[in-house]
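Novice: With the sequence up front, the predicted model follows.
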Amino acid sequence: MIREKFQPARVLFAAIVSLSASLVLAPKAMAYVNDSTAPPGCTNSCGKPCPPASQPPAAQPMQSCGPGSCGGMPQWWIQEPTVNLRLEDEPLGYNPALGPRVAFDLSYRQRGAVTEDPAIFGVGPNWSCSFRSYLMQSAGDLPNVFHVHKLGAGWIDYDTTGIQPLDGSILTSTANGYEIEYADGSKESFAQPFTNNSGTFFSFITSKADPAGSTMTFNYLPYPTRRAAT
């Protein structure tokens with residue numbers, strides 16, 4: 001009788017253990033960003049809070065969001081869960097009378113950085129900067145598919161027929177090139193085309209506007225002259 005009395009309890013316990021194991025061990029649907037396509041880190045420069053649009057959705061690997069700084073020592077953080085070491089620094093910047101802060105930011109990625117092209121200016125292997133942002137389309141891509149490189153990012157995939165799932169931004173073609181519009185109303189224009197010897201097409205950023213319309217423009221000159229940002 002004692003054995004019969006505790007038999008339902010054993011069955012219930014076994015069912016709970018089985019359910020727990022299935023919850024822990026069952027594979028999730030793979031909505032994953034690898035090292036080369038992970039979005040930029042949530043680096044809140046100058047101590048500003050990270051805007052919600054810059055955070056990847058819950059299904060994606062989360063990015064650490066540490067305290068930002070204006071100049072001073074660089075900050076390091078780890079991109080989870082790929083355990084990718086990242087460094088962020090702002091060696092130069094200023095606050096204009098109108099519009100957002102203008103800063104020359106540097107970002108280092110241990111893995112997943114874009115391959116440097118000798119025909120394109122840069123700040124060294126595995127490093128990116130806020131003054132270098134471009135669209136790229138290789139010869140094998142569909143006409144509506146582009147890859148964006150910017151500060152802190154490897155490649156961010158865009159399709160002109162849809163919305164970028166990480167931040168809700170939209171890439172469209174314009175009369176002069178291409179434009180990315182973000183959820184907060186800010187815009188980036190890419191209208192400086194370049195094709196390398198391998199036939200890969202690039203379009204470099206030419207202007208960046210905040211939600212209020214204050215715009216920073218980028219001008220390009222042939223090497224070895226420098227690029228200007230105004």
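Specialist: Nice, I can see it.
Novice: measure stretch 115-125 end to end?
Specialist: 8 Å (C-alpha to C-alpha, to the nearest Å).
Novice: Name the residues of it that come out as buried.
Specialist: Across stretch 115-125, burial judged by 16 or more other C-beta atoms under 10 Å covers F121. All C-beta atoms are positioned from the backbone trio N, CA, C, and that covers glycine.
Novice: What of stretch 172-185?
Specialist: Buried, per 16+ other C-beta under 10 Å, within stretch 172-185: G177, Y178, E179, I180, E181, Y182, A183.
Novice: Closest one of the residues you listed to R109?
Specialist: I180 (20.9 Å; C-beta to C-beta).
Novice: can you put the buried residues of stretch 172-185 in JSON lines and add secondary structure?
Specialist: Converted to JSON lines, the buried residues of stretch 172-185 look like this (DSSP: H, G, I helix; E, B strand; the rest coil):
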{"residue": "G177", "secondary structure": "coil"}
{"residue": "Y178", "secondary structure": "strand"}
{"residue": "E179", "secondary structure": "strand"}
{"residue": "I180", "secondary structure": "strand"}
{"residue": "E181", "secondary structure": "strand"}
{"residue": "Y182", "secondary structure": "coil"}
{"residue": "A183", "secondary structure": "coil"}
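Novice: Let me have those in TSV, extended by distance to P96.
Specialist: Shown next, in TSV, are the buried residues of stretch 172-185 (distance: C-beta to C-beta, whole Å):
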residue	distance to P96
G177	25
Y178	26
E179	23
I180	22
E181	22
Y182	20
A183	24
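Novice: between those residues, which is closest to W77?
Specialist: Y182 (22.8 Å).
Novice: Now do the contacts for the closest one.
Specialist: A53, D167, G168, S169, E188 (C-beta atoms under 8 Å, 6 or more residues apart in numbering).
Novice: With distance to P96 as added columns, please give these in a markdown table.
Specialist: Output for those, formatted as a markdown table (distance: C-beta to C-beta, whole Å):
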| residue | distance to P96 |
| --- | --- |
| A53 | 23 |
| D167 | 25 |
| G168 | 27 |
| S169 | 24 |
| E188 | 18 |
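Novice: Give me the buried subset of the residues you listed.
Specialist: Counted by 16+ other C-beta under 10 Å, these give D167, S169, E188 as buried.
Novice: in a helix, that's where the first one is, yeah?
Specialist: Spelled out, that is D167. No: counting by three-state DSSP, one finds D167 to be coil, located in no helix.
Novice: Tell me where the model's unsure across this structure.
Specialist: Regions of the chain meeting the criterion pLDDT under 70 cover residues 1-71, 223-230.
Novice: now the helices for it?
Specialist: Using DSSP state H, the helices found in the chain span residues 2-25.
Novice: What spatial separation is found between the nearest residue to L92 once chain neighbours are set aside and Y94?
Specialist: Spatially, and ignoring its direct neighbours in sequence, L92 is nearest to F104 (4.3 Å; C-beta to C-beta, 6 or more residues apart in numbering). With distances taken as C-beta to C-beta, to the nearest Å, F104 is found 10 Å from Y94.
Novice: And the two? Which one has more around it.
Specialist: F104 (16 against 9; other C-beta atoms under 10 Å).
Novice: Next, the contact list for that one, please.
Specialist: Contacts for F104 (C-beta under 8 Å, 6+ apart) come out as E90, P91, L92, G93, C129, S130, F131.
Novice: swap in R86?
Specialist: G41, W76, W77, I78, Q79, S107, Y108, R109, Q110, G152.
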